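Colleague: one predicted model, sequence on top.
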Amino acid sequence: MVTSDGATSEPETGGTRDLQGLDGLVTPPFSRRGFVMTGLMSGLTLATTRVEAQVIHTDETGIEAGEVRIPVGDGPMPAYRAMPSGPGPFPIVLVVEEIFGVHEYIKDICRRLAKAGYTAVAPELFARQGDVSTMTDAQTIVREVVSKTPDAQVLGDLDAAAAWAAAEAKGDSGRLGITGWCRGGRTVWLYAAHSASLKAGVAWYGPVGGARTPIQPKTAGDLAAEIRAPVLGLYGGADTGIPVADVEKARDAARAAGRTMELEVFPDAPHGFHADYRPSYRKAAADEGWSRMLAWFRKYGVA
C-alpha cells in the first residue's frame, strides 16, 4: 500500500520491488550484444520537419555538464549529466528521452535541472538497439529501435544511472526523481512501478496505452495501480494521439489502489508542447508544466 506521501509497505527485493507477475519487467541477464551507439549525438535530431527559432540554450555557468559513460552489465552506456558546481550532494533526476535519443534538447533539459539544483542524468536507452542519430523519420525509429528495446533493459539501465549518479556525480540516492517526455513519459509510469527508491515522477505526455509485446508486456495504464511513488502527468488536451480520457482512466486506477497520481491537462496544447525545437512547442504550457514539475519534486522529497 502506498500512502499519500508515497511511502510503501510492500516487500522489496535487492533495492527494487518484487515484480512477481509482471513478466518482462524484471531485469534479465544482459545479452552482451554490445552497444551500437558508443557516444551521444551532436545537435538536434534529424527526425523533425524543421527546427524552430525559439530553441532554448542553457549555458554552463555555475554547473558542470557533459557526456559520460555509465557502467552496465554489457559495457559502458553513453549518457549526459549536468550538476551544480560545488560539493553536493544534490538530489538526482533521471531524464528520459523522447524516441529521438539524447540529443541537444534532452541535454539542455539536464542543464536546466542542474541550474535548479539537481544532478540530472540522461542515459541513452536505445544505444544497443540502433543509432537514432542517423535516422530521419519517427516511424523508422519506432519500428527499428523503440519497438525492439525491452522494458526490462530500460528499467535496469535507469537503476544503473541512478546508482552511478550517487557514486560519481554528487547525487543523493535518498532524493531520487524521474521525468520523461513522450516515450520517456511512458517510462516514468513504468519506473514508478518498478523502483523502491523513487520519490516522485513527472510524465510529460507519455502514452498510457499501446501494443503489448513479449519484451514490452505492460502498458503504462496496466501499471497505474502499481506505482509506488507519486506521479504527476502533464498532458495536452489537443494531443490527437493520447486521449485525455485514457489518462484519466489510468489516474483513476492509481487512485483507486491508494496510489498518489495527479493529472494536469493543458486544454489547447498538442503533443510535444514542451519540445522547443519543434512546431508543437507552446511556451505558456511548457513554462507552467516546468514549474509544476519542480513543485512536485519539492512536495515529495526530491528537492
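Modeller: It's in.
Colleague: now residue 185. Nearest residue, chain neighbours left out?
Modeller: Nearest residue to residue 185, sequence neighbours excluded (Cβ to Cβ, 6 or more residues apart in numbering): residue 206, at 2.1 Å. Any C-beta I mention is one placed from the backbone N, CA and C, and that applies to glycine too.
Colleague: need the contact list for that neighbour.
Modeller: With contact taken as Cβ atoms under 8 Å, 6 or more residues apart in numbering, residue 206 is in contact with 180-189, 220, 233, 242.
Colleague: just send these back as JSON lines, with secondary structure and neighbour count too.
Modeller: As requested, these are arranged in JSON lines below (DSSP: H, G, I helix; E, B strand; the rest coil; neighbours: other Cβ atoms under 10 Å):
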{"residue": "180", "secondary structure": "strand", "neighbour count": "29"}
{"residue": "181", "secondary structure": "strand", "neighbour count": "29"}
{"residue": "182", "secondary structure": "coil", "neighbour count": "24"}
{"residue": "183", "secondary structure": "helix", "neighbour count": "23"}
{"residue": "184", "secondary structure": "helix", "neighbour count": "25"}
{"residue": "185", "secondary structure": "helix", "neighbour count": "26"}
{"residue": "186", "secondary structure": "helix", "neighbour count": "27"}
{"residue": "187", "secondary structure": "helix", "neighbour count": "27"}
{"residue": "188", "secondary structure": "helix", "neighbour count": "30"}
{"residue": "189", "secondary structure": "helix", "neighbour count": "30"}
{"residue": "220", "secondary structure": "coil", "neighbour count": "26"}
{"residue": "233", "secondary structure": "strand", "neighbour count": "26"}
{"residue": "242", "secondary structure": "coil", "neighbour count": "21"}
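Colleague: got a markdown table for those residues, with distance to residue 60 too?
Modeller: Output for the contacts of residue 206, formatted as a markdown table (distance: Cβ to Cβ, whole Å):
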| residue | distance to residue 60 |
| --- | --- |
| 180 | 23 |
| 181 | 22 |
| 182 | 26 |
| 183 | 27 |
| 184 | 23 |
| 185 | 27 |
| 186 | 30 |
| 187 | 27 |
| 188 | 26 |
| 189 | 32 |
| 220 | 34 |
| 233 | 31 |
| 242 | 34 |
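Colleague: out of those, who's nearest residue 152?
Modeller: Of all those, residue 152 sits closest to residue 187, with 12.1 Å by Cβ to Cβ.
Colleague: nearest to residue 156 among the contacts of residue 206?
Modeller: Of those, the one sitting nearest to residue 156 (Cβ to Cβ) turns out to be residue 187, at 12.2 Å.
Colleague: show me what contacts the closest one?
Modeller: So residue 187 contacts 96, 125, 154, 158, 178, 180, 206 (Cβ under 8 Å, 6+ apart).
Colleague: how close does it get to residue 223?
Modeller: Counting by Cβ to Cβ, to the nearest Å, the separation of residue 187 from residue 223 is 11 Å.
Colleague: mind listing what residue 297 touches?
Modeller: 91, 93, 118, 177, 199, 200, 202, 303.
Colleague: now do the SS call for the residue nearest to residue 185.
Modeller: When classified by DSSP: H, G, I helix; E, B strand; the rest coil, residue 206 comes out as coil.
Colleague: and the closest residue to residue 197 other than its chain neighbours, which of the three is it?
Modeller: Spatial nearest neighbour of residue 197, excluding adjacent residues (Cβ to Cβ, 6+ apart): residue 176 at 5.3 Å. At residue 176, secondary structure determined by three-state DSSP is strand.
Colleague: from what I can see residue 176 touches residue 161, true?
Modeller: No. Residue 176 is not in contact with residue 161 according to Cβ atoms under 8 Å; the separation is 10.3 Å.
Colleague: what's the overlap in contacts for those two?
Modeller: Common neighbours of residue 176 and residue 161 (Cβ under 8 Å, 6+ apart) are residue 94.
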